[in-house]
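# Please find the sequence and the predicted model below.
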Amino acid sequence: MPPGRPPKERQPRMPLTPEEVAWHHRQFIRRLVARRQELGLNRSELAERTDHQIKRQTLDAIESGEVEPRLSTMRALARALEMDPAELAFGRGGAPEEMPEPMDDEAHDRADGLEPNP
């Protein structure tokens, strides 16, 4: 650390709730599928691009949300998708996106195009 510079205080990290973990996982899947489609690849072709480190069946399970990928799998996917692993994991800029505030019933109805209950 340079002299004369005070040490940075670390902000305590709050553990993620199960809902936040699920939301971040869905966002990862969304980025994975979008980039694969942007490159015009199907799952078998993406598996080939990983030099078969990742099987198509594993990609099926990842994209369907059945499994969460290991870090090594995420790195291999990012290489195959020609993108930074942090961007694949967290989105543009490589920083975690903030989960939106939960919607109440009326907001869900509006989003679904339904009339609110009187």
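Nice, thanks for sending it over. Numbering: from 1, shown residues only.

# List the buried residues in the lengthiest helix in the chain.
Across the chain, the helix with the greatest residue count (assigned by DSSP state H) is helix 18-38. Neighbour-count burial for helix 18-38, counted by 16 or more other CB atoms under 10 Å, picks out 23-24, 27-29, 31-32, 35-36. Every C-beta, even on glycine, is put in place using the N, C-alpha and C of the backbone.

# Low-confidence ranges, the protein, go.
Per-residue confidence of the chain (counting by pLDDT under 70) places the weak regions at 1-13, 93-118.

# residue contacts, residue 47?
54-56, 58-59 (CB atoms under 8 Å, 6 or more residues apart in numbering).

# Can you name the two of those that sit furthest apart?
With CB to CB as the measure, no two of the contacts of residue 47 lie farther apart than 54 and 56, at 8.1 Å.

# Those two: who's more crowded?
Between residue 54 and residue 56, counted using other CB atoms under 10 Å, residue 54 has the larger neighbour count: 21 against 15.
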